[in-house]
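what's the 3D shape of this:
(2 chains)
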Amino acid sequence: MENKIKKVDLIFEQVDYLEILDRSFKRTQDEIILDIIDSGLRGRGGAGFPTGLKWKFAKNEEADQKYVICNADEGEPGTFKDREILTQVPEKVLGGMALCGKSTGASRGYIYLRGEYNFLLPQLNAAIDKFHEDLKNMNFDFTIEIKSGSGAYVCGEETALMESMEGKRGEPRNKPPFPTTSGYLGKPTSVNNVETLVFALMIAKEGPTKFKEMGTFDSRGSKVFSVSGDTPKAGIYELELGMSLEDFVNEFGDGDTKAVQIGGASGFCVARKHFKETVIGFEGIPTGGSMMLFNSTRSMYNILNDYLEFFEEESCGQCTPCRVGCQQLLKGIEAVKKGNRPPSYLDELQKLSETMKIASKCGLGQSAPNPFNSIINNFREEIIY
Amino acid sequence: MTNIEELVKQQAEVHGTTRESLMPILQAVIRSERFLSEDAMVAIARELDISTADVFGTASFYTFMDTTPKGKNIIRVCKTITCHMKGKDAVIGALEDLLKIKLGENTSDGKFSLLQANCLGWCHKGPVMLINDEVHPEVTPESAVEVIQGYLKQK
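Numbers count the residues shown, from 1 in each chain, chains lettered A, B, ... in the order given. Sure thing, here's the model as predicted:
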């Protein structure tokens, strides 16, 4: 069988990041940003906003202070690639932040690191100290500081993250204004995922063409995948985007894959019969990297129950559709399973989930219905019986 | 001045007294005390010149900021999906037997608390547990017990 999975090595490749920065600092802000726009790079945290545009918006703002934030609040179940990137190539993340600082006119950067990764602090702080020395030698004014989280999934949402950095409850803000206009402490702020920053640095190194030539029209380049669940090859892999789920399962499955959850708890569950036509990417099902495989021994009810429990606990409680919706979805499937509610109650719950998608304030409440609907639609009988 | 007031004052000198300093100060108290007592929250509120309710409101938002007494070592076993599939229940069972407590409780000598946590970011190496900030991936009921016995001998 032809191997259709293309492995790539951009993220973990050892590079002379100071040489890349030295070259980039001599270019204009627009030149760097145009390269990033041209490459087609989209945010690697899951939402997929075009990175170059984000930087351009931040650059175009007039302000006495701007900020760069590296979002290392990697909390999506099934995702663990940012931890690996920060462990293996921290200097490339810092380099990407400095590049973003240069491009947007920000002189201060923050890494928001989830509390669960506190064990990374000593080595990260050491890398930052060294980086500050290097920047001083290059006469570039940019400093980086780590802000720690304390166990809240919702703080991965960029405005909740900034609330938390400001010493408040991590409750998402209304958008607009977007962070590039009014972010941390009300100043223009570009918030980027760990992996996105490393790709930006690599695009500055190689030029946009190499990156653009990989992947598909909507999903350029490669992506780091976190593979877990029923697979003999659990781990981290950088792969070219745009592959079909069937090719992915042929490479990573255990021969008995029944379903794959793409994009973590907030993503979509795809059943075997749809593997062939499902594309992994922004034109199909996007993912922040999480790929969880389930084989035929797994109960989809248990899996859905776990996801909903997760959202019920992690909902910040600020807006009603999400706070009450997550509770009711969880209670609802339990009631149907026990026979306290008829199977048609699932249809009622699906209507509720539509309301949650429309009316929730942030991505958490808007995407909690994704696993619910995709599992109900594909495995309805497992939820009922 | 009590110990906790001293700790808060000292942390305020390091991190400052603006609102952005609240999280690092709360985290420092947690690191030292494992939980936020009423006294600690009152001291922080006084130092930052904000209301105690505001301090409690912020702290209670975050899972890792407990406001009830906790043991000297907090064990958190990941309960999310893949760790569940790979046997976190057996790990928790073994630890409950060893420590003679149930999930969510503290040992009577105040040495350990046993908790569950949402995804800790080690899905390829589950089940995983955190002891304070120290991570232990791919634990079995046996290896988890060994790790805790190591802690028991140490302190």
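
my guess is A:Leu121 contacts A:Ile146. True?
Yes - with contact defined as CB atoms under 8 Å, A:Leu121 counts as touching A:Ile146 (6.7 Å). In short, each C-beta sits where N, CA and C put it, glycine included.

what do the two both touch?
A:Leu113 (CB atoms under 8 Å, 6 or more residues apart in numbering or on different chains).

pick out whichever of those two has more residues nearby.
A:Ile146 (16 against 13; other CB atoms under 10 Å in any protein chain shown).

if we go by neighbour counts, what in stretch B:122-138 is buried?
B:122-132, B:135-137 (16 or more other CB atoms under 10 Å in any protein chain shown).

distance between that stretch and the chain's centre?
Remark: stretch B:122-138 is offset 14 Å from the chain centroid, using CA atoms, centre = their mean, to the nearest Å.

pretty sure A:Asn192 sits in a strand.
Yes - assessed with DSSP: H, G, I helix; E, B strand; the rest coil, A:Asn192 lies in a strand.

tell me the contacts of it?
Contacts for A:Asn192 (CB under 8 Å, 6+ apart) come out as A:43, A:51, A:54, A:68-71, A:96-97, A:100, A:200.

can we see that at 10 Å?
A:43-45, A:49, A:51, A:54-55, A:68-71, A:93, A:96-97, A:100, A:158, A:198-200 (CB atoms under 10 Å, 6 or more residues apart in numbering or on different chains).

kindly report the same for A:Phe311.
A:153-154, A:265-266, A:322, A:325-327, A:329-330, A:356, A:364-365, A:367-369, A:371-372, B:118.

what do you get for A:Tyr117?
With CB under 10 Å, 6+ apart, A:Tyr117 has these contacts: A:72-74, A:80, A:82-83, A:86-87, A:124, A:148-149, B:120-121, B:130, B:133, B:135.

for B:Leu130, see how far away it is.
10 Å (CB to CB, to the nearest Å).

common neighbours of the two, please.
Counting by CB under 10 Å, 6+ apart, the shared contacts of A:Tyr117 and B:Leu130 are B:Leu120.

and which of the contacts of A:Tyr117 is nearest to B:Ala94?
B:Leu130 (16.5 Å; CB to CB).

what helix or strand does the nearest residue to the closest one once chain neighbours are set aside sit in?
Leaving out its chain neighbours, the residue that sits closest to B:Leu130 by CB to CB, 6 or more residues apart in numbering or on different chains is B:Arg76, at 4.5 Å. Counting by DSSP states H and E, the element that carries B:Arg76 is strand B:73-78.

can you give me how far that strand is from the chain middle?
7 Å.

and the helix or strand that that strand is followed by, how far out from the chain middle?
Downstream of strand B:73-78, the first helix or strand assigned by DSSP H and E is helix B:81-85. Offset of helix B:81-85 from its chain centre (CA atoms, centre = their mean): 21 Å.

for helix B:81-85, packing partners?
For helix B:81-85, the packing partners by 3 or more CB pairs under 10 Å, 6 or more residues apart in numbering or on different chains; DSSP states H and E come out as strand A:222-229, strand A:290-295, helix A:300-314, helix B:88-99.

so which of those is the most packed in?
strand A:222-229 (a mean of 26; mean count of other CB atoms under 10 Å in any protein chain shown).

so what secondary structure elements neighbour that strand?
helix A:81-88, helix A:194-206, strand A:235-240, helix A:245-252, strand A:257-262, strand A:290-295, helix B:81-85.

does the top helix by length along chain A reach chain B?
In chain A, ranked by residue count with DSSP state H as the criterion, the top helix is helix A:320-338. No - applying CB under 10 Å from any CB of the partner chain, one finds helix A:320-338 out of contact with chain B, separated by at least 13.2 Å.

buried residues in that helix, which are they?
Neighbour-count burial for helix A:320-338, counted by 16+ other CB under 10 Å, picks out A:321-323, A:325-326, A:328-330, A:332-333, A:336.

quick one: strands adjacent to the strand holding B:Arg76?
With DSSP bridges as the test, strand B:73-78 is paired with strand B:112-117 (parallel), strand B:129-131 (antiparallel).

export the ones you listed to TSV and tack on mean pLDDT?
Putting the strands paired with strand B:73-78 into TSV (pLDDT from 0 to 100) gives the following:
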stretch	mean pLDDT
strand B:112-117	98
strand B:129-131	97
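
quick check: which helices or strands does the helix or strand hosting A:Leu346 pack against?
If you go by DSSP H and E, A:Leu346 is part of helix A:345-359. The contact analysis (3+ CB pairs under 10 Å, 6+ apart) places helix A:345-359 against helix A:320-338, helix A:363-367, helix A:369-384.

contacts for the shortest one?
Spelled out, that is helix A:363-367. A:46-47, A:76, A:153-154, A:156-158, A:160, A:172, A:263-268, A:311, A:314-316, A:318-326, A:355-360.

ok so, going back, for the longest helix of chain A, which helices and strands make contact with it?
Counting contacts by 3+ CB pairs under 10 Å, 6+ apart, helix A:320-338 packs against helix A:300-314, helix A:345-359, helix A:363-367, helix A:369-384.

so how far is the longest one off the chain centroid?
Chain-centre distance of helix A:369-384: 24 Å, with CA atoms, centre = their mean.

about what we covered before: among the helices and strands packed on helix A:345-359, which is nearest A:Asn193?
Using CB to CB, the nearest of those to A:Asn193 is helix A:363-367, at 13.4 Å.

pairing-wise in the sheet, spell out the partners of the spatially most central residue of chain B.
Closest residue to the average C-alpha location of chain B: B:Ile74 at 4.9 Å, with CA atoms, centre = their mean. Beta-bridge pairing for B:Ile74 (DSSP bridges): B:Ser113.

pretty sure it sits against B:Glu33.
No - judged on CB atoms under 10 Å, B:Ile74 makes no contact with B:Glu33 at a distance of 11.3 Å.

and for those two, which residues touch both?
Common neighbours of B:Ile74 and B:Glu33, counting by CB under 10 Å, 6+ apart, are B:Asp66.
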